[in-house]
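**Student:** Whatever this is, show me its structure:
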Amino acid sequence: MLPAVFADDDLAQRFVAGIDEVLAPLHNVLDCLDAYFTPSLAPADFTRWLGEWVGAETEAPEPDGPAGTGAEARLTEAALTALATGHPQDTRETVALRAAVTAAVRLHRIRGTRRGLSEAVQLAFGVRPEITESGAAAWDARPLGPFPGEGRPHLHVTVRLPEPGPAAEHRLERLVEAARPAHMPYTVHVTTAERTSDR
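**Tutor:** Residues are numbered from 1 along each chain as shown. Have a look, this model is predicted:
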């Protein structure tokens with residue numbers, strides 16, 4: 001609202017209208033700022049930046065076919081179920097991105113653990129991995145008992161996909177390298193999932 005002396009002035013009205021047109025989008029962004037930091041509500045480009053900011057695994061899965069079969073379809077279903085909201089125009093890649101950013105903080109809390117590694121791989125590939133490791137924990141009332149686990153540390157992660165390829169193995173290797181305990185040597189293996197017949 002302008003003071004009464006400017007309310008009838010045409011130049012003042014046009015000047016203020018121009019300023020309002022420039023500043024209105026900024027006010028809209030500030031009014032909705034909390035939505036920009038909620039992955040299910042934020043625009044896709046901002047969600048991608050948010051993913052880089054929180055260190056989320058944001059690489060999209062390789063499409064298996066035109067309809068998005070295999071691991072990508074399972075990931076999409078899991079992500080849609082987990083998010084329960086989102087934009088109707090979201091692609092499978094954007095849905096996976098939103099799921100990764102949503103899970104990033106929780107995954108950082110359990111990073112370096114077997115559970116954290118398992119959940120990170122499941123989020124990225126849509127299947128639960130098989131993990132074997134050398135570590136163990138035990139309790140014994142007698143002192144000087146045998147140490148649990150194996151003397152030589154190792155970690156092996158196997159993922160079974162409908163159509164594995166070199167890109168999936170490379171992606172799994174990068175993911176395990178980032179999510180494993182820092183001191184652990186590791187190996188990864190991507191193999192073909194056993195097909196089950198639906199009756």
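**Student:** any idea of the mean pLDDT in stretch 14-34?
**Tutor:** Averaging pLDDT along stretch 14-34 gives 86.
**Student:** so how far is that stretch from its chain's centroid?
**Tutor:** Relative to the centre of its chain, stretch 14-34 is centred 33 Å away, using C-alpha atoms, centre = their mean, to the nearest Å.
**Student:** now stretch 170-177
**Tutor:** The chain centroid and the centroid of stretch 170-177 are separated by 14 Å, computed with C-alpha atoms, centre = their mean.
**Student:** Just the buried residues of that stretch, please?
**Tutor:** 171-173, 175-176 (16 or more other C-beta atoms under 10 Å). C-beta coordinates here come from the backbone N, C-alpha and C atoms, glycine included.
**Student:** Just give me the closest of those to Leu41.
**Tutor:** Using C-beta to C-beta, Leu175 comes nearest to Leu41 of the buried residues of stretch 170-177, at 26.7 Å.
**Student:** pretty sure that closest one contacts Glu119?
**Tutor:** No - the pair Leu175 / Glu119 is not scored as a contact, 11.2 Å apart, by C-beta atoms under 8 Å.
**Student:** by contact count, what packs against the longest helix belonging to the chain?
**Tutor:** Using DSSP state H to define each element, the chain has its longest helix at helix 10-31. Helices and strands touching helix 10-31, by 3 or more C-beta pairs under 8 Å, 6 or more residues apart in numbering; DSSP states H and E, are helix 4-7.
**Student:** from the chain's centre, how far out does the helix it packs on sit?
**Tutor:** Distance of helix 4-7 from the chain centroid (C-alpha atoms, centre = their mean) equals 54 Å.
**Student:** cool, and stretch 129-141?
**Tutor:** So, by C-alpha atoms, centre = their mean, the centroid of stretch 129-141 is 27 Å from its chain's centroid.
**Student:** CA-only coordinates of that stretch in PDB, if you can.
**Tutor:** Only the C-alpha atoms of stretch 129-141 are listed here, as PDB (Å, rounded to 0.1, in the frame of the first residue of the first chain):
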ATOM      1  CA  PRO A 129      23.200 -57.800  -0.900                       C
ATOM      2  CA  GLU A 130      25.000 -60.800   0.500                       C
ATOM      3  CA  ILE A 131      27.800 -59.600   2.800                       C
ATOM      4  CA  THR A 132      30.500 -61.700   4.300                       C
ATOM      5  CA  GLU A 133      33.100 -60.200   6.600                       C
ATOM      6  CA  SER A 134      35.800 -61.200   9.000                       C
ATOM      7  CA  GLY A 135      34.700 -59.300  12.000                       C
ATOM      8  CA  ALA A 136      32.800 -60.700  15.000                       C
ATOM      9  CA  ALA A 137      31.900 -60.000  18.600                       C
ATOM     10  CA  ALA A 138      31.700 -62.400  21.500                       C
ATOM     11  CA  TRP A 139      31.600 -62.400  25.300                       C
ATOM     12  CA  ASP A 140      33.300 -64.900  27.600                       C
ATOM     13  CA  ALA A 141      33.500 -65.000  31.400                       C
END
